[in-house]
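Peer 1: Could you work out the structure for the sequence below:
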Amino acid sequence: MMPDIRNIADISEIFVHALTKLTYLDLSFNQLTGSIPHQIGSLTKITYLNLAGNKLSGSIPHQIGSLTKLTYLDVSNNQLTSSIPHQIGTLREFNSLDLSTNYLIGSIPSSLG
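Peer 2: Below you'll find the model as predicted:
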């Protein structure tokens, strides 16, 4: 059973309590703050992850590369900075990726294209 997350404002608290069997997580447009925690890498069964439209800052953690079953990732419309981690390009199940409307720098990893 998933803990009650209705009153959690910081996204890191959600991932700390998330179950490793989780396959679908949509936290879009909830005004979540903070950074995407490195613990995201423990969600190894996840296929759909939508964090769009929040106030997330910092970088996209390289642990995202551990999500080998991920088919959909949307982190658009946040305040993410830094470069796109090359580990995203190692995910072979992807069919949708949205990183738009952030402050990302650098080039798109060649492994994505």
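Peer 1: C-alpha from now on. contacts and neighbour counts both.
Peer 2: Noted.
Peer 1: Tell me where the chain has strands.
Peer 2: 24-26, 33-35, 48-50, 55-58, 72-74, 79-83, 96-98, 103-105 (DSSP state E).
Peer 1: Adding mean pLDDT, write the ones you listed out as CSV.
Peer 2: Output for these, formatted as CSV (pLDDT from 0 to 100):
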stretch, mean pLDDT
strand 24-26, 94
strand 33-35, 94
strand 48-50, 98
strand 55-58, 97
strand 72-74, 98
strand 79-83, 96
strand 96-98, 96
strand 103-105, 96
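Peer 1: Pipe these into CSV and attach mean neighbour count per row.
Peer 2: Listed next are the strands of the chain as CSV, based on neighbours: other CA atoms under 10 Å:
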stretch, mean neighbour count
strand 24-26, 14
strand 33-35, 17
strand 48-50, 18
strand 55-58, 20
strand 72-74, 19
strand 79-83, 18
strand 96-98, 13
strand 103-105, 15
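Peer 1: what would the ones you listed look like in JSON lines with distance to Gly89?
Peer 2: Shown next, in JSON lines, are the strands of the chain (distance: least, CA to CA, whole Å):
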{"stretch": "strand 24-26", "distance to Gly89": "21"}
{"stretch": "strand 33-35", "distance to Gly89": "21"}
{"stretch": "strand 48-50", "distance to Gly89": "16"}
{"stretch": "strand 55-58", "distance to Gly89": "20"}
{"stretch": "strand 72-74", "distance to Gly89": "12"}
{"stretch": "strand 79-83", "distance to Gly89": "13"}
{"stretch": "strand 96-98", "distance to Gly89": "11"}
{"stretch": "strand 103-105", "distance to Gly89": "16"}
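Peer 1: Nice, that's everything, thank you.
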